[in-house]
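Colleague: next one to model:
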Amino acid sequence: MILPDILAPTYVQMLGALSAWLAKAEAGKQDGMADTLPGARLAPDMFPLSTQIRFACVQAQEGMYRLRGEAFPPLVGQLLDEGRNAGENPGSIADAQARIAETIAIVESLAADVPSIDPAAPIAHALPQGMIFDLTAGQFVRDWALPQFYFHIMTAYAILRAQGVDLGKVDYVAHMFPYLRPGTLPAQ
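Modeller: Residues are numbered from 1 along each chain as shown. So this is what the prediction gives:
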């Protein structure tokens with residue numbers, strides 16, 4: 001049960017966290033910071049925040065469609081193009097929020113009707129540069145789908161932190177608080 005138990009809930013919770021981080025950035029606007037955030041980078045040779053967000057959305061959609069054995073819809077290519085061109089046209093936080101909400105809806109929709117997937121089923125994962133990785137479905141999830149998704153999520157988090165958005169570990173692990181045993185939260 002790779003899709004319903006691991007990928008889909010992970011994608012939804014972390015995209016939801018990303019959306020909350022962007023809302024926090026928007027709420028804490030200082031001197032037009034929210035307007036410049038989409039173009040912010042960790043390093044000159046890295047993609048900007050807006051690309052990291054779009055690529056996180058791509059990874060979530062690709063993971064779902066690839067494991068279902070379905071062709072990627074045009075939206076995946078559109079997100080890739082937007083991400084590659086985000087240096088010149090980073091868009092806005094509202095644009096990013098719309099892409100995140102759209103991706104969450106797609107993931108939830110695909111997870112609602114999950115085909116049976118054998119973790120040993122072969123997956124040929126082709127990259128645009130022509131490289132092809134031959135993996136099992138389980139290896140694809142463990143070694144590609146989740147690490148690539150988290151790379152873009154964590155890079156977005158790091159960019160936001162580096163730009164002064166008031167984020168901390170609590171923002172990253174907000175999904176864990178429903179599991180917190182009552183009475184165990186340390187006093188501040």
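Colleague: would you state the strands of the protein in chain order?
Modeller: Taking DSSP state E as the criterion, the chain contains strands spanning 122-126, 132-136.
Colleague: now those strands in CSV, with mean pLDDT, distance to residue 43 and mean neighbour count?
Modeller: Backbone N, C-alpha and C define where each C-beta goes, glycine included. Formatted as CSV, the strands of the chain follow (pLDDT from 0 to 100; distance: least, Cβ to Cβ, whole Å; neighbours: other Cβ atoms under 10 Å):
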stretch, mean pLDDT, distance to residue 43, mean neighbour count
strand 122-126, 91, 27, 13
strand 132-136, 95, 27, 13
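Colleague: just put the ones you listed in a markdown table and tack on distance to residue 75.
Modeller: Formatted as a markdown table, the entries for the strands of the chain read as follows, by distance: least, Cβ to Cβ, whole Å:
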| stretch | distance to residue 75 |
| --- | --- |
| strand 122-126 | 18 |
| strand 132-136 | 23 |
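Colleague: and residue 160, which of those is closest to it?
Modeller: strand 122-126 (29.3 Å; Cβ to Cβ).
Colleague: quick check, pLDDT for the residue nearest the centre of the chain.
Modeller: In the chain, the centroid-proximal residue (Cα atoms, centre = their mean) is residue 56; its distance is 3.0 Å. You'll see residue 56 listed with a pLDDT of 98.
Colleague: give me every residue that touches it.
Modeller: With contacts defined as Cβ atoms under 8 Å, 6 or more residues apart in numbering, residue 56 is in contact with 14-15, 18, 149, 152-153, 156.
Colleague: how about residue 129?
Modeller: In this structure, residue 129 makes contact with no residue, judged by Cβ under 8 Å, 6+ apart.
Colleague: and it, how far from residue 140?
Modeller: If you measure residue 129 against residue 140 using Cβ to Cβ, to the nearest Å, the figure is 18 Å.
Colleague: okay, helices next: where are they in the chain?
Modeller: Shown for the chain, the helices assigned by DSSP state H span residues 2, 8-27, 33-36, 49-68, 74-84, 93-112, 137-139, 146-162, 169-172.
Colleague: flag the shaky bits of the protein, pLDDT-wise.
Modeller: Within the chain, the segments meeting pLDDT under 70 span 1-4, 30-32.
Colleague: what about residue 41, how many neighbours?
Modeller: Taking other Cβ atoms under 10 Å as the neighbour definition, residue 41 ends up with a count of 17.
Colleague: where's it relative to residue 158, distance?
Modeller: Plainly put, residue 41 is 10 Å away from residue 158 if you go by Cβ to Cβ.
Colleague: please apply the same query to residue 7.
Modeller: Using Cβ to Cβ, one gets 23 Å for the distance from residue 7 to residue 158.
Colleague: out of these two, which sits in the busier spot?
Modeller: Looking at residue 7 and residue 158 with other Cβ under 10 Å, you find the greater number of neighbours at residue 7, namely 23 against 15.
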